[in-house]
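Q: this is a predicted model, with the sequence first.
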Amino acid sequence: MDTTIPDKVLVWAFDGKPGTLKSQNNYSTANNGNGYNMHCQTNNQFLTYQKQDVGINLGYSKSAGDHKIHLTLPDSKDREILSGESVAFGIGGGDAFLRYAHRTIGINLEWSKNPVFEWRIYARTGEKGKPLPIGQSLAVMNDKVEPSADFLVYLDRPVGGDVGWTTSPDWKGKITGWLTTEAFKKLVEVLAK
């Protein structure tokens, strides 16, 4: 039974090409990429590769000009992606594909050179098997999140990129008590160098 997707996870919009969301097996990094941009409606910026001091190298750009997001299907065909289908989610070239992995700081993701088919994209209705219109609010889910599948969302983090899961701990609240400790001060000094 399909259910309506909550507004709090319908925070992404793919754009940069007309029509519906399509898979792409021949992504190119030339001219800021030939993929999509991925607009985060929570912070009104675009998810992209961005060097971080700690955590995975993800962040945001104010420019819609980078088209680094590309999606691949298990059947290796360049075709329309249907809601609920398993896809690999890439950003840029090289080790471009995101996969779930445990990490001490930041979202539990790591980079993979090869496509990892553990992501699903949904429109508001949650109905499976429907084309996904460009520019529409969509939810992006990862099947491998532990203890159960979860949605990728904007999460204001002090370090490690501003992405998370709906079940991510509120790290700002957790570190508030550490701010006066000597260990936390030393960590901040190391990160600032």
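A: Structure received.

Q: count of neighbours near residue 115?
A: Residues contacting residue 115 under the criterion other C-beta atoms under 10 Å number 21. The C-beta positions use only the backbone N, C-alpha and C, and glycine is treated the same way.

Q: er, residue 142 actually
A: Number of residues near residue 142 (other C-beta under 10 Å) recorded here: 21.

Q: swap in residue 104?
A: Around residue 104 there are 8 residues (other C-beta under 10 Å).

Q: again, but for residue 105
A: 17.

Q: that one contacts residue 158, correct?
A: No: using C-beta atoms under 8 Å as the test, residue 105 is too far from residue 158 to be in contact (9.6 Å).

Q: can you give me the pLDDT of residue 175?
A: Residue 175 is assigned a pLDDT of 44 by the prediction.

Q: and for residue 55?
A: Residue-level pLDDT assigned to residue 55 equals 90.

Q: check contacts around it.
A: Counting by C-beta atoms under 8 Å, 6 or more residues apart in numbering, residue 55 touches 103, 105, 106, 107, 157, 159, 160, 161.

Q: quickly find the element holding it.
A: Counting by DSSP states H and E, no helix or strand carries residue 55.

Q: so it versus residue 63, what's the distance?
A: 22 Å (C-beta to C-beta, to the nearest Å).

Q: same question, residue 98
A: The gap separating residue 98 from residue 63 is 21 Å, by C-beta to C-beta.

Q: those two: who's more crowded?
A: Counted by other C-beta under 10 Å, residue 98 and residue 63 do not tie: residue 98 has more neighbours, with 23 against 11.

Q: not counting its own residues, what contacts the one helix or strand that one maps to?
A: Using DSSP H and E, residue 98 sits in strand 97-100. The contact list for strand 97-100, computed with C-beta under 8 Å, 6+ apart, reads 56, 72, 88-91, 108-116, 118-119, 142, 144-146.
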